[in-house]
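K.L.:
I would like to see how this sequence folds:
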Amino acid sequence: MAKPRDKVNKALLQDPDGQRLTYSAMRSRFDRARGESGVNFQFRDLRAKAATDTEDLAHAQSLLGHKNRSTTEIYTRERKGELVRPLERKVPSKKQIV
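P.N.:
Prediction:
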């Protein structure tokens, strides 16, 4: 956001030139980052994580949009490690960005 651009692009994900980040570019960057980190992570794991991180199974069912509780139980997993809060960081307002 702080980098000045000659052209305005409404795409959320952009390359260094300000162009929309293509699927293949994002995929290759993600694969490279995953390889360098040594963590076998897939985006589909986020769905199960969202269900697991909720303390209440009824809330998880609503969050995932399941009609049956048994379907939600498939997504919830045994937690590995302790639940930690994310870092709190301030998002700059539009006035600060300009």
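K.L.:
which outside residues touch the top helix by length along the chain?
P.N.:
Using DSSP state H, we find that the single longest helix of the chain is helix 23-37. Residues outside helix 23-37 that contact it (CB atoms under 8 Å, 6 or more residues apart in numbering) are 13, 15, 40, 41. C-betas here are computed from N, CA, C, even on glycine.
K.L.:
what's the answer for stretch 41-53, then?
P.N.:
With contact meaning CB under 8 Å, 6+ apart, stretch 41-53 is reached by 34, 60, 63, 64, 72, 75, 76, 77, 79, 83.
K.L.:
Could you rerun that using 6 Å?
P.N.:
Residues from elsewhere that reach stretch 41-53 (CB atoms under 6 Å, 6 or more residues apart in numbering): 34, 60, 64, 75, 76, 77.
K.L.:
ok, the fifth one - contacts?
P.N.:
This points to residue 76. Per CB under 6 Å, 6+ apart, neighbours of residue 76: 51, 52.
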